[in-house]
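> starting from these lines, generate the structure:
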Amino acid sequence: MRRLPVLTALAAAGALALSGCTNASEATSGATAAAQPSFDASGIARDDAIAAMLPADFDGTLTVGDNLQYAPAEFFGGADGQTPSGYDVDLAHALGRVLGAEVEVNHAEFASIIPAIGTQYDVGIASFSVAPERIAQANMISYVQVGSTFSVRTGNPEGLDPADLCGTTMGVQTGTVQDEGADGLSAACEEQGAEPIEVLRYSSQADVTTNLVGGKIDVMYADSPVGQYAAVQTGGQVEQLGDVQDAAPQGIVVAKDNTELTAAVQAAMQKLMDDGTWQDILDGWGVTGALSTAELNPGA
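Below you'll find the predicted structure:
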């Protein structure tokens with residue numbers, strides 16, 4: 001999850017804020033990688049009433065700030081490994097169709113996007129977790145809920161219980177929320193007098209997935225979209241164990257003072273929710289968490 005408290009520390013390294021991210025083009029050796037999903041937005045019609053809500057000075061192109069390093073939400077993919085891809089990218093193009101606008105997706109350092117909303121970018125769609133500090137800087141329109149999940153080999157051959165993973169070997173990507181959380185889970189096991197969890201850390205999520213499929217680890221702990229997309233990447237050799245934990249909303253970012261653009265994007269997002277397009281996009285990526293209400297600044 002792209003949470004706010006660690007942005008300052010990670011931005012200096014050009015990294016993501018605590019996410020289980022990887023470029024989907026990374027090889028998944030030991031697994032049979034499936035073809036990258038794609039969504040064709042060309043069939044989505046312009047909604048004249050919603051398009052009329054756009055500011056009078058809107059130039060016809062929805063400029064999107066994104067950080068293309070967080071598969072499956074946003075990453076460099078395609079046959080050339082350089083094409084903006086992912087469900088957030090698909091969403092941007094779907095919003096553009098509803099608004100009757102061209103869409104330009106721009107890669108940027110994650111921490112630089114929100115400060116540039118309203119000047120360099122019209123909107124930010126980059127898996128931004130909704131947080132009071134962010135709502136103080138910009139408007140946020142909720143669209144998806146993301147949490148953490150455990151994943152195992154399909155069929156759960158070890159017969160693991162998500163409520164009791166003591167004694168297992170758990171794989172995590174270094175620097176993620178789950179990297180920290182795995183130590184807490186292991187400590188809880190020891191406090192209960194049970195065998196601790198052996199935590200194996202990998203620099204890339206692709207390595208975690210590969211070692212799960214290969215049997216070196218019993219369970220993978222990752223962000224829910226990342227874990228769910230692993231099932232797609234491996235051709236169904238991986239499945240989710242239990243429910244999504246600690247789910248929280250993410251939001252599309254729009255400039256605080258641009259009330260007209262905010263209203264138009266919110267209405268377009270709600271339309272995509274109501275007609276099932278947003279669910280279809282996530283389904284294609286094997287990801288759950290679609291919200292049914294495009295709420296403005298939830299929890300503000």
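> neighbours of Lys137, how many?
Heads up, residue 137 is Gln, not Lys. Other residues lying near Gln137 total 14 when counted by other CB atoms under 10 Å. The C-beta positions use only the backbone N, C-alpha and C, and glycine is treated the same way.
> how far away is it from Gly251?
From Gln137 across to Gly251, the span is 12 Å (CB to CB, to the nearest Å).
> tell me the spacing between Ala268 and Thr293.
On the measure of CB to CB, Ala268 and Thr293 end up 14 Å apart.
> more neighbours: these two, which one.
Shown here are Ala268 and Thr293; by other CB under 10 Å, Ala268 has more neighbours (29 against 12).
> leaving out sequence neighbours, find the closest residue to the more buried one.
Distances taken as CB to CB, 6 or more residues apart in numbering put Val98 closest to Ala268, at 4.1 Å, once the chain neighbours are dropped.
> now name the helix or strand holding the one you found.
Secondary structure from DSSP states H and E places Val98 in helix 87-99.
> quick one: contacts of that helix?
Helix 87-99 is contacted by residues 38-39, 41-42, 44-47, 50-51, 54, 62, 64, 66, 68, 72-74, 102-103, 105, 123, 125-127, 143, 225, 264-265, 268-269, 271-272, 277-278, 281-282, 284-285, 287 when judged by CB atoms under 8 Å, 6 or more residues apart in numbering.
> and stretch 286-299, by the same measure?
37, 72, 87, 130, 132, 135, 139-147, 224-225, 228-229, 231-232, 244, 247, 249, 251, 262, 266-267, 269-270, 273, 278-279, 282.
> distance across that stretch, terminal residue to terminal residue?
Counting by CA to CA, to the nearest Å, you get 28 Å between the two ends of stretch 286-299.
> quick one: mean pLDDT over that stretch.
The predicted model gives stretch 286-299 an average pLDDT of 97.
> strands of the stretch 51-200 of the chain, start to end?
Along the stretch 51-200 of the chain, the stretches classed as strands by DSSP state E, counting those that start in this stretch are 61-66, 69-70, 74-77, 83-85, 102-107, 123-129, 138-153, 169-173, 198-202.
> parallel or antiparallel, list what pairs with the fifth one.
It refers to strand 102-107. According to DSSP bridges, strand 102-107 has the following sheet partners: strand 61-66 (parallel).
> and the angle from the partner strand to strand 123-129?
Interaxial angle, strand 61-66 versus strand 123-129 (axes from the mean of the first three to the mean of the last three CA atoms, to 10 degrees): 30 degrees.
> please identify the buried residues of strand 61-66?
62-66 (16 or more other CB atoms under 10 Å).
> distance between it and the chain's centre?
Put simply, strand 61-66 sits 17 Å off its chain's centre (CA atoms, centre = their mean, to the nearest Å).
> now stretch 125-133
Centre-to-centre, stretch 125-133 and its host chain are 11 Å apart (CA atoms, centre = their mean).
> quick one: closest of the strands of the stretch 51-200 of the chain to Gln240.
strand 138-153 (5.3 Å; CB to CB).
> just the C-alphas of that closest one, formatted as PDB.
Only the C-alpha atoms of strand 138-153 are listed here, as PDB (Å, rounded to 0.1, in the frame of the first residue of the first chain):
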ATOM      1  CA  ALA A 138      -5.900  18.000  -2.500                       C
ATOM      2  CA  ASN A 139      -9.300  16.400  -3.200                       C
ATOM      3  CA  MET A 140      -9.400  12.600  -3.200                       C
ATOM      4  CA  ILE A 141     -12.100  10.600  -4.900                       C
ATOM      5  CA  SER A 142     -12.200   7.000  -3.500                       C
ATOM      6  CA  TYR A 143     -12.400   4.200  -6.000                       C
ATOM      7  CA  VAL A 144     -10.800   1.000  -4.600                       C
ATOM      8  CA  GLN A 145      -9.900  -0.700  -1.300                       C
ATOM      9  CA  VAL A 146      -6.500  -2.300  -0.900                       C
ATOM     10  CA  GLY A 147      -5.200  -4.400   2.000                       C
ATOM     11  CA  SER A 148      -2.800  -7.300   2.600                       C
ATOM     12  CA  THR A 149      -3.300 -11.000   1.700                       C
ATOM     13  CA  PHE A 150      -1.600 -14.300   2.200                       C
ATOM     14  CA  SER A 151      -1.100 -16.500  -0.900                       C
ATOM     15  CA  VAL A 152      -0.300 -20.200  -1.200                       C
ATOM     16  CA  ARG A 153       0.200 -22.700  -4.000                       C
END
